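> Structure for the following, please:
(one chain, ligands or ions: 1)
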Amino acid sequence: MSGRTHARVCPERTCVGCRERAAKSELLRIVMNKDECVPDHRGTLPGRGAYVHPALVCLDLAVRRRAFPRAFRVQGPLDTTALRADVEQAAP
Ligand SMILES: [Zn+2]
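Predicted coordinates for the structure are as follows:
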């Protein structure tokens, strides 16, 4: 009767940590500010973005894989101290 069986396709992004795809809304957008990675909670900051699950495991994986410099196409290294503290705080 209703034709609404299919959920609308939501934009997906790949987590740079675990490399799994997830809905954009489930991931935290990270942008580069000078040589620092900063969280973009509202998704409004300009520039290239990288997406990661807001979880320390994924963040640490991303750092270990040097995924952020790669995502932002810079030589790196990038400071993720503040970002890590932010994720740590947000995690239950
Ligand atoms: Zn992940």
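
> CA only for contacts and neighbour counts going forward, please
Fine.

> Around the ion, pick out the residues from the chain.
15, 17-18, 53, 58 (CA under 5 Å from the ion).

> Please, where are all the strands along this protein?
12-14, 21-23, 28-33, 36-40, 49-52 (DSSP state E).

> Pipe those into a markdown table and attach mean pLDDT and mean neighbour count per row.
Listed next are those as a markdown table, based on pLDDT from 0 to 100; neighbours: other CA atoms under 10 Å:
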| stretch | mean pLDDT | mean neighbour count |
| --- | --- | --- |
| strand 12-14 | 96 | 17 |
| strand 21-23 | 96 | 15 |
| strand 28-33 | 96 | 22 |
| strand 36-40 | 96 | 21 |
| strand 49-52 | 96 | 24 |
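
> Out of these, the one nearest Gln89 is which?
Nearest to Gln89 among those is strand 36-40 (12.4 Å), distances taken as CA to CA.

> Which helix or strand in this structure has the lowest average pLDDT?
When the helices and strands of the chain are scored by mean pLDDT, DSSP states H and E, helix 81-90 comes last with a mean of 93.
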